[in-house]
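Trainee: please work out how this folds:
(2 chains)
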Amino acid sequence: MQLSRDALLRAYRQMKVIREFEERLHVDIQTGEIAGFTHLYCGQEAVAVGVCEHLSVEDKIVSTHRGHGHCLAKGCDVNGMMKEIWGSREGLCKGKGGSMHIADVDKGMLGANGIVGAGSPIAVGAGIACKIDGKGHVAITFSGDGACNQGTTFEAMNMAVVTKAATIFVFENNHYSEHTGFEYAVGTQKDIASRAEAFGMKVWRGDGTDFFSVFETMREVLEYVRVPGNGPAAVEFDTERFFGHFEGDPQRYRGPGELDRIREFRDCLKNFRKSVTDAGLLEHADLDALDAEVLEAIEESVRQAKAADRPTAEDVLTDVYISY
Amino acid sequence: MAKMMYRDAVVSTIAEEMERDENVVCLGEDIVGGMGTPGGPEAIGGIWSTSTGLFGKFGADRVIDTPISESAIMGAAAGLALSGKRPIAELMFADFIGVSLDQIWNQLAKFRYMFGGKTKCPAVIRMAYGAGYNAAAQHSQAVHQILTGMPGLKVVMPTTPADVKGLLRTAIRDDDPVIFLEHKALYGVTGEVPDDKDFMIPFGHARLSRAGQDVTIVSTGLLLGFCEAVADKLVAEGIGCDVIDLRTTSPLDEEAILDSVEVTGRLIVVDEAPPRCSLGADICAMVAEKAFASLKAPPLSVNPPHTPVPFARELESAYLPSVDKIEAAVRKVLSYR
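Mentor: So this is what the prediction gives:
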């Protein structure tokens, strides 16, 4: 199905926001001003955006330690997120969560997660809630080729099938679980979706470096899961991670020229630009204008983050309980 | 008032709250019991009979019988809570927190804080704990010392059927995650329970079950009855004991303990968990810190030994704090002048 000009521009902009948000973080982290552990999502933008462009605020997602892309794609505020990562009390989580725990429950974003594989059971609960409410909403859990080896993921897949939860397991295979190749760590012949199939789910596969592949695949997945009674489904997207497992990772596990190669041939933003300009759907100038606008928005978010209030010692003690 | 068993107080409170609020849902292993069998749903109705009749009354959407997948159960409870429901998840044995701890400790307990206070997480995790069934090392443990140490959780340990009713209702209506520890050796105990369907007991308010001037005994759960027996016995000798049932270990009613110790000057904590880093050690330290000037004797904690829970009847009896051990502790603190 043909996307409208506005929808195309929006999708590109969303992916570009994620890209520039993180390219900027990659630079700023090296100055030592940003504390803690950061895991960048760059390279996988087509998955987050290709999934979330189908979702409403009533649909839920549960993310991972590599969660910035999912958060931005689901509508978390760019400035609030940048402030959070800079540790400001004005951040989305008041500086108490940081990169690995960004959440905005009102937007249906139930949290990035520092524990690999922890998100899937949570998405089963959210998917059961969607089923009970019967309005066709869904809960989506993002997992990598690392999380697909966790027992929690197996438990969650079976329980989703048994309870007919409206849950979608989106597996983003970026070929590395931390510093280990999926060819070594995933026992099912380089394939994650077949595991979900073995648990009794209908599965799809798509190219995670191609927005249109993700978007069209997810249209089918969502049409299926939004039908009450159909239960869960799973989809595997093959994708690429442009940076290390964490910022500071020397990435000695990469092959010669690998990063240059994937940046050249497996970049979802380049692929998108080529597709839409070749097809005459958008002009380069349209996209160039968005690029400039996004760069300025990210610059502004950093300006705000640097100027924002710092938390105080008193803030340590709040927000543990609602009442105690 | 109605007479009912501890286990019936659990199931009737859940039923009343499910009736009152359609967002309340239950999940757990065999809480329906018999799903997918020739015997059919409710062939069992929960191994502790703490969910009997719920499935028939509220249906499969709200009474969710799960596979044996403790991580997924606790995670699903977390996801339900973040999605506007009020889940009551049952962990069949408290010992199984080992299998599911990440979802309790790193997820449920931390969401509110990590998310900057912008969410609530109204989940109740019920679990049967404690020795008394000769169920050995993996089915008999008291796990409150682990969970009480986790910021973000509230930990409730009811002793009487009335407290089950009042505390479980408070737990279900609470917007924070609550661990509700039911002592398996108390399920068959009967007591008077208020009929009021809004009867609630606030957390952090201990109950004084015996009053006396000489020794403060703090406990909860199965061992509280042992403490009461000791207090009742010593009355004949003119020794008076305050017996304080904590009801909740987090929040802790420090005031009730300190007020009592200021009068008695002597403290014994009787705790079913092993001694190291225990509730007993915690309360003794708190009293030493805050009421040192009132103390006439060193605070004592009566715990099982630092061993796994043993199986054989003689061994399990020897393991648990007994009436005799508690009485000996009382006499010991009284020996200081």
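Trainee: so where is the chain shaky, pLDDT-wise?
Mentor: Defaulting to chain A. By pLDDT under 70, the low-scoring segments of chain A are A:1.
Trainee: can you tell me the element the residue nearest the centre of it falls in?
Mentor: Nearest to the mean C-alpha position of chain A, counting by Cα atoms, centre = their mean, stands A:H70 at 2.8 Å. Using DSSP states H and E, A:H70 maps to helix A:68-73.
Trainee: and the following helix or strand past that helix, what does it pack against?
Mentor: Sequence order places helix A:78-85 as the next helix or strand after helix A:68-73, per DSSP H and E. Packing partners of helix A:78-85 (3 or more Cβ pairs under 8 Å, 6 or more residues apart in numbering or on different chains; DSSP states H and E): helix A:5-29, helix A:68-73, helix A:284-307. For every residue, glycine as well, the C-beta is placed using N, CA and C.
Trainee: what lies in contact with the following helix or strand past the first one?
Mentor: Spelled out, it's helix A:5-29. The helix or strand immediately downstream of helix A:5-29 is helix A:45-52, counting by DSSP H and E. The contact list for helix A:45-52 (Cβ atoms under 8 Å, 6 or more residues apart in numbering or on different chains) reads A:11, A:14-15, A:18-19, A:41, A:61, A:69-70, A:72-75, A:140, A:142, A:170, A:172, A:208-215, A:217-218, A:237, A:239, A:268-269, A:271-272.
Trainee: which residues touch the residue in the stretch 201-337 of chain B that chain A sits nearest to?
Mentor: Closest to chain A within the stretch 201-337 of chain B is B:P251: 5.4 Å, counting by Cβ to the nearest Cβ. Contacts for B:P251 (Cβ under 8 Å, 6+ apart) come out as A:Y324, B:K154, B:F203, B:G204.
Trainee: contacts only, for the third one.
Mentor: Contacts for B:F203 were tallied using Cβ under 8 Å, 6+ apart; they are A:Y324, B:K154, B:V156, B:L167, B:T170, B:D174, B:R247, B:T248, B:P251.
Trainee: ok, B:K110 next?
Mentor: B:G152.
Trainee: next, count neighbours for the residue in the stretch 151-300 of chain A positioned nearest to chain B.
Mentor: Relative to chain B, the nearest point of the stretch 151-300 of chain A is A:E155 (3.7 Å; Cβ to the nearest Cβ). Neighbour count of A:E155, defined by other Cβ atoms under 10 Å in any protein chain shown: 26.
Trainee: got it, and A:I34?
Mentor: Neighbour count for A:I34, taken as other Cβ under 10 Å: 18.
Trainee: and the strands in the chain?
Mentor: Let's take chain A. With DSSP state E as the criterion, chain A has strands at A:60-62, A:139-144, A:167-173, A:176-177, A:180-181, A:202-207, A:233-238.
Trainee: you answered for a different chain; I wanted chain B.
Mentor: B:2-5, B:24-29, B:63-66, B:86-91, B:124-129, B:154-156, B:178-183, B:190-193, B:207-210, B:215-219, B:241-245, B:248-250, B:267-270, B:300-302.
Trainee: ok, back up a step: which of the contacts of B:F203 lies closest to A:L55?
Mentor: Nearest to A:L55, judged by Cβ to Cβ, of those is B:D174 at 30.7 Å.
Trainee: next, give phi and psi for that closest one.
Mentor: Per-residue torsions, B:D174: phi -80, psi 150 (degrees, to the nearest 10).
Trainee: tell me the contacts of it?
Mentor: B:D174 makes contact with A:I322, A:S323, B:P122, B:V124, B:K154, B:F203 under the criterion Cβ under 8 Å, 6+ apart.
Trainee: drop anything exposed from the residues you listed.
Mentor: By neighbour count, with 16 or more other Cβ atoms under 10 Å in any protein chain shown, the contacts of B:D174 hold B:P122, B:V124, B:K154, B:F203 as buried.
Trainee: pretty sure the second one is touching B:E90, no?
Mentor: No. Using Cβ atoms under 8 Å, B:V124 and B:E90 do not qualify as a contacting pair, with a distance of 9.3 Å.
Trainee: around chain B, pick out the residues from the stretch 201-324 of chain A.
Mentor: Applying Cβ under 8 Å from any Cβ of the partner chain, one finds that the stretch 201-324 of chain A approaches chain B through A:T318, A:D319, A:V320, A:Y321, A:I322, A:S323, A:Y324.
Trainee: most neighbours among those, which one?
Mentor: A:Y321 (22 neighbours).
Trainee: gap between that one and B:G152?
Mentor: Counting by Cβ to Cβ, to the nearest Å, the gap from A:Y321 to B:G152 is 7 Å.
Trainee: check A:E293 too.
Mentor: Separation of A:E293 from B:G152 (Cβ to Cβ): 41 Å.
Trainee: likewise B:G28?
Mentor: 22 Å.
Trainee: so for these two, which sits in the more crowded spot?
Mentor: Set B:G28 next to B:G152 and count neighbours by other Cβ under 10 Å: B:G28 wins out with 26 against 23.
Trainee: residues contacting that one?
Mentor: The neighbourhood of B:G28, defined by Cβ under 8 Å, 6+ apart, consists of B:G46, B:S51, B:I64, B:D65, B:T66, B:I73, B:A89, B:E90, B:L91, B:M92, B:R126.
Trainee: and which of the residues you listed is nearest to A:G151?
Mentor: B:I73 (13.2 Å).
Trainee: wait, that closest one touches B:T66, no?
Mentor: Yes. B:I73 lies in contact with B:T66 (Cβ under 8 Å); the separation is 5.2 Å.
Trainee: between the two, which is the more surrounded one?
Mentor: Shown here are B:I73 and B:T66; by other Cβ under 10 Å, B:I73 has more neighbours (32 against 24).
Trainee: need the per-residue pLDDT for that one.
Mentor: On pLDDT, B:I73 comes in at 98.
Trainee: residues touching it, list them.
Mentor: A:P121, A:M159, B:L27, B:G28, B:E29, B:T66, B:A89, B:E90, B:L91, B:S100.
Trainee: would JSON lines of these with distance to B:G188 be doable?
Mentor: Listed next are the contacts of B:I73 as JSON lines, based on distance: Cβ to Cβ, whole Å:
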{"residue": "A:P121", "distance to B:G188": "33"}
{"residue": "A:M159", "distance to B:G188": "32"}
{"residue": "B:L27", "distance to B:G188": "25"}
{"residue": "B:G28", "distance to B:G188": "20"}
{"residue": "B:E29", "distance to B:G188": "21"}
{"residue": "B:T66", "distance to B:G188": "26"}
{"residue": "B:A89", "distance to B:G188": "23"}
{"residue": "B:E90", "distance to B:G188": "18"}
{"residue": "B:L91", "distance to B:G188": "20"}
{"residue": "B:S100", "distance to B:G188": "27"}
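Trainee: picking up where we left off before, could the strands of chain B be laid out in CSV, adding mean pLDDT?
Mentor: Shown next, in CSV, are the strands of chain B (pLDDT from 0 to 100):
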stretch, mean pLDDT
strand B:2-5, 97
strand B:24-29, 98
strand B:63-66, 98
strand B:86-91, 98
strand B:124-129, 98
strand B:154-156, 98
strand B:178-183, 98
strand B:190-193, 98
strand B:207-210, 98
strand B:215-219, 98
strand B:241-245, 98
strand B:248-250, 98
strand B:267-270, 98
strand B:300-302, 98
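Trainee: reformat the ones you listed as CSV; add distance to A:V57.
Mentor: What follows is those, written out as CSV (distance: least, Cβ to Cβ, whole Å):
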stretch, distance to A:V57
strand B:2-5, 44
strand B:24-29, 22
strand B:63-66, 25
strand B:86-91, 21
strand B:124-129, 27
strand B:154-156, 30
strand B:178-183, 29
strand B:190-193, 43
strand B:207-210, 45
strand B:215-219, 49
strand B:241-245, 46
strand B:248-250, 35
strand B:267-270, 50
strand B:300-302, 52
